[in-house]
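Novice: below are the sequence and a predicted model for it; my questions follow.
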Amino acid sequence: MEEEAFHHYGGKVTFRSLKNGKYLAVDLKNACATATGNHPILYVQDLDFPKQEELRVLKFDNRESTEVMTFGTALCFQTEDGSYLTFNANGEMKVEKNPNYESGNNNIAKLAQWTILDSNDILNRGPVTQFDDIALRIPFGSYLMTEDSLLMSANGQAINEETSFKLVKANIPFLPDWLMKRPGVNHNNLVSRPFFDKHIPNQRKKVYEEKPKPIGTFPVEIQETLLLEDLLHAMNSVEGVYIRRINVENEYESSRYVYRVEPDEEQSTCDFSLLYLIGKILPMCNNHDRVLEFVSTHSHFEYGQVSQALCGAINILLKEYLVLVTQLDTEFVKGNLTLQKTWFYIQQSMRMMENLNKLAVDAADKRGGALLNVIYKFLTITSDKSIKELFSFLLEKAAEPFLKILMKWIYFGVLNDPFDEFLVEEDPSMNKDNIEKDFNDSYWQKRFTFREDMIPIFLGKLSIKILHTGKYLNVIRECGKEIKHPCEQEIKISINQSVLNKGNSQASLIQHKDFSEPIETAHSWSSQRLLDLFLVEERLMDRIKSIKHYFFLDLGDFFIHFFDSADKYLENNTKEVSNDKLKSLLEMAIRTSTANADPFKDDLTCELNNYSLIEQIFVMQNIRGAFGTNAYAADAGSGQRHNFPQVPISGMNSIQNYKCVDSFTLDYKVQWPLTLIISRRAITKYQLIFRHLFLCKYIERHLGNSWLMHQGTKELNLDTFLLASYNLRHRMHHFCKNYVYYIVVEVLEPNFHKFKQNMEKVKTVDEILELHNTFLDQCLKECLLTDQNLLKIVIKIVNCCFFFSRIMHRQAATIQEEDSVLTAQNMVIDTNEGPSAYCKYRQTKINAERESAKKAITESGYKSMIEKFTKTFDTNLKQFMNAIKASHYDPYISNLLMRLDFNGFYAENLLSQFEGFGGNSFAPSESVNMSNNDNSMF
């Protein structure tokens, strides 16, 4: 009863003005307060004039407190958006963010401070109940008041009708005042007597003006008659003359009223035999009072629908009990009733009351599914058939509202659980729009989750299917589609009468098929319906194939067109290139290639990231120190969760330090419900693979261009000077070409083929999510993007190749420019001499170019530069192959090693220069220290 009547700090409340009966309403649009609201339960949101009647009451000096609210304490009132009910110097009410609020600081601005007082007794410092008239005083001495204009202000000068309010709990309907002015309603003057005696001193108390004559002075026959009369009253929770309640205390219960014979006497004067017999009956009366107290308290709104249904079922039993008491009273009037007969007649009722009392004790703080578990526990542990029938009846009745919530959930995807009793809870803060924006968003995992303590034992094995069934239907509802379940049927709990009659404690009393079959059917239908939505209506596989075409470079001509048109921009710094320009070049490449046939091509776009690939991957894998950034939680490896930062990472290079080729990536736009599968997390994983593959293809293309430039120098007969660069370029090109081949042909294509095959067998969306995540994680792993050691070495090799190709291109361009100038100055063809003149001209030009190239090569330190590149490339390649060897030749990477050393060249020439090769001579190299200075050698 205390929990029902008291207000607690942290609870949601609303004010009802005693002047006009209206509720305080916070005007969200104008940031003020008026006395024009309705009770929150009856309120319908007006979009044009948004108001809020519900406030959270906080203790001023301790916002985390949840203790009972008392008069005379300082409070503050907070709205749902974190604003506070405040006032200014003129007493005008405001709703604003607290200017002095700091996280972890309990000092709130004084303009948000209110002191709660009892309107009838300002000196009262007792607990605040929802039946008290209250006034709110500000630190300057005036009171919150309702003005004639219905505006709320803090200009009240005295406590009167204008400044008096009722503080009402917002989550239950308002209880009328007469509920406490008439204490006899629902026996609350009897069963909750300690509460009323302590906290409501004005309650009428029974006063015995004359002490009754000791019962021992009467003959035994009269004593029995007097005791029978009082006993019948006690069985109906009414005190008699000799049998009355007394407050007792023990180690288990702090305070409890129990019935005693002549409680005012030190020792009862009653006949011992009668006293002994009546003492065996009175515990039933005590149990009846406690059951009445439980029913009176737990039938209110705060305890939920399951508790109300249980109390309704207990009331049915109590009516049968009252029928018995009435029959006994009839026999008493006729003079046919004795204590021995009464003892005989009430045997069944005594057992019933005893078990109901045990249930009331165990269920005192339980609700919803937890309450059903308490009833189910008593049903399974008892061996008495009649008691089993009792708890079976209670379980059937109490489970009805729970099963109604279950039916709405599994048949319509609607979670109608106003009292938080169901096994599934919803987090309204999880927004489906964040899936396509936030890498860390976990809408599917956290929007609907289990309340572990609310899972009924008899639904434990079906709980996962219940959760998924409603989630599937909720997704369909979020798409705006109507749900018409063809197999909807009522779900109820039925007791297996054959087991009950046989008394077999090992067999299940509940017929599980009564609710297991409907749940199984609903799960199958919702799974198939959502699969059809994804695979047929939304064409999920076509979407994933479209993403594969672009992010895995599946359409070769598309990117050749893009490379041809965007090559000069990719070499520039990102600050020098417009993203819109790259988007237009990307769109033109799509329109002029086979990608133009893709129906989803308009969803593809591109962007320039403000972090490089290596930074993005290392941050996701929680690698510290490589770039001077703080770690973000992540775990490398297949199927593990990455937490990619949503804001620029401190310590990373600014965007102007990157080339476009390092920052360029694709993006893909999808709409709900496809964002469940193709989420921002999934798109980010696709981007990691694309950026790595894009860079390798780009470098491979530049090495190919270097080959073309080298072809133009063969007639210069500079093999002695350029042979080393020819060989190095060839080995670099061989590495890049085979590495790209390995990624595309031996990783991406086989994994995608396996993914397609598995997709043909899926039965639920959860299986699709798991398959898609597994596919992407496996691709990341086999592309070496999750192996820290291998990835750092590969990045070094790729960077070495990239810088080499750029220098070769720059060197060739310089030679060609000098040759062009030399030719223009010295070479003139005499057209009168015929073909021999051209041959002579060409030979002279070649000699001049040879001398010019030889001079440029010898003077620019070309040889030492090539030696440095060769040493760097060979060292990194050796470390890479050592690392592969140390990984015990994982199947997905052994083919790459074989392709790189298909003819044993590195085994015979390169690795023999180091720490031996062959057998187990491969030793893991020392950890590679990747820093910003690693590329200084280039």
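Specialist: The structure has been received and is ready for your questions.
Novice: going forward, measure contacts between C-alpha atoms and count neighbours the same way
Specialist: Fine.
Novice: could you look up the SS state of residue 155?
Specialist: strand (DSSP: H, G, I helix; E, B strand; the rest coil).
Novice: what's near enough to touch it?
Specialist: 90, 91, 92, 142, 143, 144, 145 (Cα atoms under 8 Å, 6 or more residues apart in numbering).
Novice: okay, and for the stretch 51-200 of the chain, where does confidence drop off?
Specialist: 51-52, 98-109, 171, 173-200 (pLDDT under 70).
Novice: from residue 59, how far out is residue 394?
Specialist: Taking Cα to Cα, to the nearest Å as the measure, residue 394 falls 41 Å from residue 59.
Novice: nearest to residue 743, of the contacts of residue 155?
Specialist: Nearest to residue 743, judged by Cα to Cα, of the contacts of residue 155 is residue 92 at 69.1 Å.
Novice: restrict the helix or strand hosting residue 522 to CA atoms and write it as PDB.
Specialist: For residue 522, the host element (DSSP states H and E) is helix 513-532. The C-alpha coordinates for helix 513-532 follow below in PDB (Å, rounded to 0.1, in the frame of the first residue of the first chain):
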ATOM      1  CA  LYS A 513       1.000 -27.700 -27.900                       C
ATOM      2  CA  ASP A 514      -1.800 -25.200 -27.100                       C
ATOM      3  CA  PHE A 515       0.700 -22.400 -27.400                       C
ATOM      4  CA  SER A 516       3.700 -24.000 -29.100                       C
ATOM      5  CA  GLU A 517       1.900 -24.800 -32.300                       C
ATOM      6  CA  PRO A 518       0.500 -21.300 -32.800                       C
ATOM      7  CA  ILE A 519       3.900 -19.700 -32.100                       C
ATOM      8  CA  GLU A 520       5.600 -22.100 -34.500                       C
ATOM      9  CA  THR A 521       3.100 -21.400 -37.200                       C
ATOM     10  CA  ALA A 522       3.300 -17.600 -36.600                       C
ATOM     11  CA  HIS A 523       7.100 -17.700 -36.700                       C
ATOM     12  CA  SER A 524       7.100 -19.700 -40.000                       C
ATOM     13  CA  TRP A 525       4.600 -17.300 -41.600                       C
ATOM     14  CA  SER A 526       6.300 -14.100 -40.500                       C
ATOM     15  CA  SER A 527       9.700 -15.400 -41.600                       C
ATOM     16  CA  GLN A 528       8.500 -16.300 -45.000                       C
ATOM     17  CA  ARG A 529       6.600 -13.000 -45.400                       C
ATOM     18  CA  LEU A 530       9.700 -11.000 -44.500                       C
ATOM     19  CA  LEU A 531      11.900 -13.100 -46.800                       C
ATOM     20  CA  ASP A 532       9.500 -12.400 -49.700                       C
END
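Novice: pLDDT on the helix or strand just after it, on average?
Specialist: The helix or strand immediately downstream of helix 513-532 is helix 540-551, counting by DSSP H and E. Here helix 540-551 scores 90 as its mean pLDDT.
Novice: counting contacts, what elements does helix 540-551 pack onto?
Specialist: In terms of contacts (3 or more Cα pairs under 8 Å, 6 or more residues apart in numbering; DSSP states H and E), helix 540-551 is packed against helix 680-711.
Novice: list the buried residues of the very next helix or strand once past the helix it packs on.
Specialist: Sequence order places helix 719-741 as the next helix or strand after helix 680-711, per DSSP H and E. Neighbour counts over helix 719-741 (16 or more other Cα atoms under 10 Å) mark 722, 725-726, 728-729, 731-733, 735-740 as buried.
Novice: could you do stretch 545-558 as well?
Specialist: With the criterion 16+ other Cα under 10 Å, stretch 545-558 contains buried residues 545-555, 557-558.
Novice: same deal with stretch 81-98?
Specialist: By 16+ other Cα under 10 Å, the buried positions in stretch 81-98 come out as 83-87, 91-98.
Novice: ok, how many other residues are close to residue 490?
Specialist: 11 (other Cα atoms under 10 Å).
Novice: from memory it sits against residue 408, does it?
Specialist: No - with contact defined as Cα atoms under 8 Å, residue 490 does not reach residue 408; the gap is 10.5 Å.
Novice: quick one: contacts for residue 893?
Specialist: Counted by Cα under 8 Å, 6+ apart, residue 893 has contacts 782, 884.
Novice: same thing with residue 267?
Specialist: No residues are in contact with residue 267 under the rule Cα under 8 Å, 6+ apart.
Novice: assumed residue 599 was part of a strand.
Specialist: No - counting by three-state DSSP, residue 599 is not part of a strand but coil.
Novice: what is the helix holding residue 522 packed up against?
Specialist: By 3+ Cα pairs under 8 Å, 6+ apart, helix 513-532 packs against helix 385-412, helix 463-478, helix 765-782.
Novice: so how far is the shortest one from its chain's centroid?
Specialist: Averaging C-alpha coordinates over helix 463-478 and over its chain gives two centres that are 15 Å apart (Cα atoms, centre = their mean, to the nearest Å).
Novice: tell me the one of the buried residues of stretch 545-558 nearest residue 55?
Specialist: For these, the nearest to residue 55 is residue 547 (48.2 Å; Cα to Cα).
Novice: the closest one and residue 667 touch, don't they?
Specialist: No - at 9.3 Å, residue 547 and residue 667 do not qualify as touching, with contact defined as Cα under 8 Å.
Novice: any chance you could map the strands in the stretch 1-150 of the chain?
Specialist: When assigned using DSSP state E, counting those that start in this stretch, the strands of the stretch 1-150 of the chain occupy the ranges 12-17, 23-27, 32-37, 51-52, 55-59, 74-78, 84-87, 93-96, 114-118, 133-137, 143-146.
Novice: how is residue 491 assigned, secondary-structure-wise?
Specialist: Under the three-state scheme (three-state DSSP), residue 491 adopts coil.
Novice: any chance of the buried residues of helix 719-741 in TSV, plus pLDDT?
Specialist: What follows is the buried residues of helix 719-741, written out as TSV (pLDDT from 0 to 100):
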residue	pLDDT
722	67
725	73
726	76
728	79
729	78
731	82
732	83
733	82
735	84
736	85
737	86
738	86
739	86
740	88
